[in-house]
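# Give me a model of this one.
(one chain, ligands or ions: 1)
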Amino acid sequence: MQYRNELLRQLPAIDTLLQSNEAANLIRDYSYKTVLIAFRQAIDYARKELINGNIEKCSKVDIITMAEKILNDKNLTGIRKVINCSGTVLHTNLGRSVLPEKAAKAAYIAASNYINIEYDLATGERGDRHAHVEQQLVSLTGCESALFVNNNAAAVLLMLSALVKGGEVVVSRGELVEIGGSFRVPDIMKQSGCYLKEIGTTNKTRYFDYKNAITDSTKAILKVHTSNYKIVGFTEDVDVKRLAELAHDNNMPLLCDLGSGLLETCDNPILENEPSVKEWIEKGADVVCFSGDKLLGGPQAGIIVGKETYISVLKKHPLIRALRMDKITLSALEATLSLYFDCDVADTNIPLRKMLFQDELCIKNRAKIILESINKIDSLSTKLIPSQALVGGGSAPGEYIPSYAICMSHINISPDRLAYLLRQREVPVIGRIHKNSVFLDMFCVFDNDIPLLIQAIKSCGVINE
Ligand SMILES: *Cc1c(COP(=O)(O)O)cnc(C)c1O
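Alright, predicted model coming up:
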């Protein structure tokens, strides 16, 4: 007992730790309270180790090193909420779409309860897990049938594997896109066991290019929406309606990778050039696949809609089991789609749509509220400036949306360091560096998060000096 007390007496007092130079640096980077908690955790840990005989000595420096590690780990690991000040709405690195509240709640229920996902409550027998969501899509897009997989990359793989394997598929050179590194149309074709027949040129592909390319070994025409870039100027492509007619004249399907997945054509200037699922179905496309977490504003998903003849083949393909969507996603998707039955409900309840259609004044106001709280900090110079937001995530390419940003610089620390400190907050703030300043774009900031954002800026210790 005596010996044990002796051992524990070597542990430094919290006050001693807090008064050290090292602590001052940590407090500057993290805030007093966070550092205090880290020191307490480090001392508790050291005490246990001493009692258990795992260590014999523990100096002040040891405790500080441990606390630094705790602070770093806490800041750098784990999936956490962040505040998106990047100005990119569908930011793939920040999780693309934010789910509507109804969808998040549905996901929670599905995750924490037994659910009737494959159980028919009327008959008490096995049910079809996709039936209800399929019905929703039939109503919303005019398709005959639908099915769901993990993401749109999986949807394209399944569509091509099931319908074109061993055959040739005709694609315009202007549509051989790469989406997010590993997904390239030519590679996915190879994986699906079909042969790519490239036609036309990068900027122009005409009807006769398609017509001349079709041979006995052609099994389908593929149309890919170039959703993450735009070819401007001297361009030409063939409308889905004419492509569908050509495909049908030759007894083959027109398959479409729409990617961005806007359900219905929209006359808002930001989305007016985006084709929609409903439009392509109406024009005669046989199968259309798209993402759930792009312009639909729902969970990550691959949604495939189209004619019964083809969708039924997909439903029986062995890959479907490997690419199956989980119950949490399916519930969230169902809840998201349910909001689309009324335009006003969709525009006010789907965060993506609410954000895209928000008034410029709301964005400016957000910036003003934040500036009022932080412009008393002497070491920080701040400015409200007009900026441009982006839809991103492979949607509405080249479509810049008017926005506002707070432009910040600090007298003593570099923009890189300031951006780093903002990312190290309890709720990390993701901005960008532009012209030697940190830019915090207000377009994707939720009004509810304004107090958190202010707190984050203020809690960068350096700023308070
Ligand atoms: C985004 C996109 C994909 C990939 O979709 P994920 O849901 O990210 O897998 C495929 N094709 C097109 C045209 C896209 O825009």
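
# what bridges to the closest residue to the ligand within the stretch 151-300 of the chain?
Residue nearest to the ligand within the stretch 151-300 of the chain: Gly259 (2.3 Å; Cβ to the nearest ligand atom). Yep, even glycine has a C-beta here, placed from its N, CA and C like the rest. Beta-bridge partners recorded for Gly259 (DSSP bridges): Phe290.

# That one: how many residues sit nearby?
25 (other Cβ atoms under 10 Å).

# now Leu255, what's its secondary structure?
strand (DSSP: H, G, I helix; E, B strand; the rest coil).

# pLDDT value on it, please?
What the model reports as pLDDT for Leu255 is 98.

# Quickly list what it is bridged to.
Leu222, Val287.

# quick one: contacts for the spatially most central residue of the chain?
Against the mean C-alpha coordinate of the chain, by Cα atoms, centre = their mean, the closest residue is Arg96 at 1.4 Å. Contact analysis of Arg96 by Cβ atoms under 8 Å, 6 or more residues apart in numbering lists 90, 293-294, 300, 393.

# In PyMOL, how would I select the buried members of the residues you listed?
Selection command for PyMOL covering only the buried members of the contacts of Arg96, criterion 16 or more other Cβ atoms under 10 Å:
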select buried, resi 90+293+294+300+393
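
# can you count the residues close to the closest residue to Pro253 other than its chain neighbours?
Excluding the flanking residues, the one nearest Pro253 by Cβ to Cβ, 6 or more residues apart in numbering is Asp286, at 3.7 Å. Here the number of neighbours of Asp286 (other Cβ under 10 Å) works out to 25.

# Packing partners of the helix or strand containing Ser387?
Remark: Ser387 resides in strand 380-390, with elements defined by DSSP states H and E. Counting contacts by 3 or more Cβ pairs under 8 Å, 6 or more residues apart in numbering; DSSP states H and E, strand 380-390 packs against helix 360-374, strand 400-410, strand 437-441.

# Figure out which of those is closest to the ligand.
strand 400-410 (18.7 Å).

# Could you tell me the angle between the closest one and strand 437-441?
140 degrees (axes from the mean of the first three to the mean of the last three Cα atoms, to 10 degrees).

# after strand 400-410 comes which helix or strand?
helix 415-423.

# Name the nearest of the contacts of Arg96 relative to Ala67.
Gln300 (37.4 Å; Cβ to Cβ).

# and that closest one, what is it in contact with?
96, 150-151, 291-293, 329.

# and the strand or helix carrying Thr329, anywhere near the ligand?
Per DSSP H and E: Thr329 is located in helix 327-338. No. Using Cβ under 6 Å from any ligand atom, helix 327-338 stays clear of the ligand, with a minimum separation of 11.8 Å.

# can you list contacts of the next helix or strand after that helix?
Next in sequence after helix 327-338, counting helices and strands by DSSP H and E, comes helix 343-349. Contact with helix 343-349 is made by 100-102, 339-340, 353-354, 357, as judged by Cβ under 8 Å, 6+ apart.

# go on, stretch 318-331?
103, 106-107, 109-111, 115, 117, 129-130, 133, 147-150, 154, 157-158, 161-162, 292, 299-302, 314, 333.

# so Asp120 touches Arg126, yeah?
Yes. With contact defined as Cβ atoms under 8 Å, Asp120 reaches Arg126; the gap is 7.0 Å.

# higher neighbour count, these two?
With neighbours defined as other Cβ under 10 Å, Asp120 and Arg126 compare such that Asp120 has more, 12 against 9.

# how close does the more buried one sit to the ligand?
30 Å (Cβ to the nearest ligand atom, to the nearest Å).

# now Pro351
Going from Pro351 to the ligand by Cβ to the nearest ligand atom gives 18 Å.

# Phi, psi for that residue please.
phi -50, psi -40 (degrees, to the nearest 10).

# In this structure it contacts Lys102, no?
No. Counting by Cβ under 8 Å, Pro351 stays clear of Lys102, with 11.1 Å between them.

# and the chain, what are its domains?
2-76, 83-94+358-461, 101-349 (automatic domain parsing).

# Report the rounded mean pLDDT for the shortest one.
When you say that, I think you mean domain 2-76. Taken as a whole, domain 2-76 has a mean pLDDT of 87.

# Could you provide the contacts of Arg96 in TSV, with additional columns for distance to Ser437 and secondary structure?
Compiled in TSV, these are given as follows (distance: Cβ to Cβ, whole Å; DSSP: H, G, I helix; E, B strand; the rest coil):
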residue	distance to Ser437	secondary structure
Leu90	25	coil
Asp293	31	coil
Lys294	31	coil
Gln300	34	coil
Gly393	26	coil
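
# can I get the contacts of Arg96 in a markdown table with pLDDT and distance to Glu245?
Shown next, in a markdown table, are these (pLDDT from 0 to 100; distance: Cβ to Cβ, whole Å):
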| residue | pLDDT | distance to Glu245 |
| --- | --- | --- |
| Leu90 | 94 | 33 |
| Asp293 | 96 | 32 |
| Lys294 | 95 | 28 |
| Gln300 | 97 | 34 |
| Gly393 | 72 | 32 |
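
# Closest to Leu452 out of the contacts of Arg96?
For those, the nearest to Leu452 is Leu90 (21.7 Å; Cβ to Cβ).
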